[in-house]
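Asks: Dropping a prediction and its sequence here:
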Amino acid sequence: MGLPEDPTEKSSSATPSSVKPTFWVEVAPPSTRGAKCRLDGCPAIIMPGQYRIAVYPGLHDFRGHQSPDFYHVVCFEKIADFSQADFVNQVQPVTWNTWSFRNLNSSSVLDGNYLLDAGAERLTISWKEAVKKLIDERDGVETKDDAETKDDPSAAVRDLLDNAGSSKYVPQEIAGANAFELRLLSSTLAPNESDGPEDTDEWNLFDEYLVARDDDQKSLDNRHTLGMTLFLWRDHVDKKRIEEELDPKAIRAIKRLAVTPMPDIQGAFLRGL
Ligand SMILES: [Zn+2]
């Protein structure tokens with residue numbers, strides 16, 4: 001019990017229990033025996049390649065070192081109440097730009113382990129945004145809509161995040177933006193797929209898979225919106241006979257977003273990190 005399932009996983013010295021754990025959404029790395037799910041009564045092993053939640057720091061020690069607790073996403077949703085903002089804020093995807101905070105062996109990450117594919121990254125972040133918006137509305141919290149403020153750089157960022165990949169999208173200059181990140185967001189991570197300017201029915205990742213809808217308070221009553229979203233997405237990514245069921249535009253989009261963006265190691269090296 002409490003064994004890190006991957007020998008390349010770093011253990012760090014004990015962290016004070018006052019530290020709020022992060023709920024990392026990641027891909028289970030290669031391992032011969034998989035990882036045990038910490039939900040009481042869950043009989044299923046988390047197999048390599050599955051999406052999972054790593055709670056880090058976890059509640060369990062291994063030889064005096066803290067190791068993460070792993071859960072199936074749907075199992076974690078049974079114990080974490082994601083209709084509470086505090087819990088939603090603790091969710092982070094393990095990606096090309098967040099992995100260094102997850103305390104992982106960098107060579108294992110650079111082999112492509114742990115990192116979410118582009119579709120799962122965009123869906124996890126959008127799930128978080130949608131659920132937080134619903135919680136704020138429910139609780140009557142005033143939020144500033146940055147995108148409505150003209151000349152605000154965040155409006156251009158929002159435009160890129162929402163509209164990249166659409167034939168109608170016009171790239172705007174974003175002051176101070178990282179070129180590597182901009183390139184990724186406008187290519188691999190773009191949520192839209194288009195057949196060109198004549199296309200009146202462009203494909204959109206969030207319309208297809210995001211189960212939490214930010215205009216529907218009922219989404220907060222469903223405990224499993226993150227797990228369902230990732231399940232639906234993965235089901236199409238894994239499907240062998242996808243060609244028979246989906247149109248070429250959707251297949252093109254899924255193949256593009258199934259790719260895992262890698263960290264900008266060259267850029268990090270040049271910046272002396
Ligand atoms: Zn489980």
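Replies: Ah, there it is.
Asks: How many neighbouring residues does Thr22 have?
Replies: Neighbour count for Thr22, taken as other Cβ atoms under 10 Å: 21. C-beta coordinates here come from the backbone N, C-alpha and C atoms, glycine included.
Asks: how near is it to the ion?
Replies: According to Cβ to the ion, to the nearest Å, Thr22 stands 19 Å off from the ion.
Asks: Return the residues of the stretch 1-150 of the chain in contact with the ion.
Replies: Residues of the stretch 1-150 of the chain lying near the ion by Cβ under 5 Å from the ion: 37, 39, 42, 72, 75.
Asks: Give the ChimeraX command for selecting the buried subset of these.
Replies: A single ChimeraX command suffices to select whichever of those are buried according to 16 or more other Cβ atoms under 10 Å:
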select :37,39,72,75
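Asks: Mark which of the residues of the stretch 1-150 of the chain next to the ion are part of strands, please.
Replies: When DSSP state E is applied, these are split such that His72 fall in strands.
Asks: Could you check how far the closest residue in space to Ala164 that isn't next to it in sequence is from Ser31?
Replies: Nearest residue to Ala164, sequence neighbours excluded (Cβ to Cβ, 6 or more residues apart in numbering): Ala190, at 3.7 Å. Per Cβ to Cβ, to the nearest Å, Ala190 is found 32 Å from Ser31.
Asks: Residues in a beta bridge with Trp24, which ones?
Replies: Ala54, Gln92 (DSSP bridges).
Asks: quick one: contacts for it?
Replies: By Cβ atoms under 8 Å, 6 or more residues apart in numbering, the contact set of Trp24 is 53-56, 68, 92-94, 102.
Asks: For Asp215, state which of those is nearest.
Replies: When these are ranked by distance to Asp215 (Cβ to Cβ), Pro93 comes first, at 23.2 Å.
Asks: Surely the closest one touches Ala120?
Replies: Yes: Pro93 lies in contact with Ala120 (Cβ atoms under 8 Å); the separation is 7.1 Å.
Asks: Which one's more surrounded, Ala190 and Ser31?
Replies: Using other Cβ under 10 Å as the criterion, Ala190 and Ser31 rank with Ala190 on top: 23 against 18.
Asks: what's the pLDDT at the more buried one?
Replies: pLDDT recorded at Ala190 is 98.
Asks: try the one 5 residues further on
Replies: With respect to pLDDT, Asp195 scores 97.
Asks: Can you redo the residues of the stretch 1-150 of the chain next to the ion as JSON lines, where the extra columns are pLDDT?
Replies: Converted to JSON lines, these look like this (pLDDT from 0 to 100):
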{"residue": "Cys37", "pLDDT": "97"}
{"residue": "Leu39", "pLDDT": "97"}
{"residue": "Cys42", "pLDDT": "97"}
{"residue": "His72", "pLDDT": "98"}
{"residue": "Cys75", "pLDDT": "98"}
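Asks: Which of the residues of the stretch 1-150 of the chain next to the ion fall within helices?
Replies: Counting by DSSP state H, the part of those found in helices is Cys75.
Asks: out of the residues of the stretch 1-150 of the chain next to the ion, which one sits closest to Ala164?
Replies: Nearest to Ala164 among those, with distances taken as Cβ to Cβ, is His72, at 31.3 Å.
Asks: quick one: the closest one and Pro171, what's the gap?
Replies: His72 sits 39 Å away from Pro171, going by Cβ to Cβ.
Asks: Likewise for Lys20?
Replies: Taken as Cβ to Cβ, the span from Lys20 to Pro171 is 37 Å.
Asks: contacting residues for the residue in the stretch 101-250 of the chain that the ion sits nearest to?
Replies: Per Cβ to the ion, Gly227 is where the stretch 101-250 of the chain lies closest to the ion, at 10.3 Å. Listed by Cβ under 8 Å, 6+ apart, the contact set of Gly227 reads 72-74, 77.
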